[in-house]
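>>> Give the three-dimensional model of this entry:
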Amino acid sequence: MSPKEHNKVAGIFLMVHGGIQAVILAFMALIYLVMGGTMFLSAGRQGAAVGLVFVLVVAFLVGIAVLFTLPQIIGGLKMMREKPTARTWGIIGSIIACLSFPLGTAVGVYGLWFLFGDLGKWFYLQGGNQIAFQNHPPPPPNSWQ
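Reported below is the predicted structural model:
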């Protein structure tokens with residue numbers, strides 16, 4: 001695969017993984033906010049106080065979860081569009097994806113392998129220069145064959 005294809009695949013993986021997390025996050029937030037709203041509307045002052053605290057805690061946790069999801073989506077989108085800051089966002093998104101075992105770990109390791117490897121360095125640090133990639137000597141043959 002060429003560096004451009006690796007970049008596209010890594011960007012798609014980051015966006016898909018971040019998107020899956022965002023959908024799950026939205027679904028869980030909706031469930032817990034409905035539960036908190038139900039407690040808030042329940043009988044008495046104590047139920048309202050507990051419901052309000054519950055909603056505030058859920059909102060805080062959703063905010064933290066968004067901080068872990070958003071860099072993956074942004075990094076994948078920037079990598080797909082080949083923006084100048086894509087390598088930085090891709091590294092951040094890949095590191096965060098590694099925290100989510102097993103699918104996120106695979107996505108993160110692949111992204112980090114590409115972005116820190118020779119292909120990613122040539123693609124981003126030399127402006128996607130295919131000539132440098134083509135002039136590079138081929139890898140040595142596998143000794144195990």
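>>> switch to C-alpha atoms for all contacts and neighbour counts from now on
OK.
>>> For the spatially most central residue of the chain, what is the enclosing helix or strand?
Centroid check for the chain by CA atoms, centre = their mean gives residue 72 as the closest residue, at 2.2 Å. Assessed by DSSP states H and E, residue 72 sits inside helix 44-81.
>>> how far is that helix from where the chain is centred?
Computed by CA atoms, centre = their mean, to the nearest Å, the chain-centroid distance of helix 44-81 equals 16 Å.
>>> could you say what helices and strands that helix packs with?
Packed against helix 44-81 by the contact rule (3 or more CA pairs under 8 Å, 6 or more residues apart in numbering; DSSP states H and E) you find helix 3-40, helix 86-97.
>>> Let me know which of those is tucked in deepest.
Among the helices and strands packed on helix 44-81, helix 86-97 has the highest mean neighbour count (mean count of other CA atoms under 10 Å), at a mean of 23.
>>> List of residues touching it?
11, 14, 17-18, 68, 71-76, 78-79, 104-105, 107-109, 111-112, 115, 124 (CA atoms under 8 Å, 6 or more residues apart in numbering).
>>> quick revisit: how about the helices and strands packed on helix 44-81, which one is nearest residue 57?
Checking these against residue 57 by CA to CA gives helix 3-40 as the closest, at 9.7 Å.
>>> ok, residue 55 - contacts?
32-33, 36-37.
>>> Which pLDDT value does the model give it?
Per-residue confidence (pLDDT) for residue 55: 84.
>>> cool, and residue 140?
So, for residue 140, pLDDT stands at 65.
>>> now do residue 136
For residue 136, the model assigns a pLDDT of 57.
>>> Same check on residue 6?
Predicted confidence (pLDDT) for residue 6: 89.
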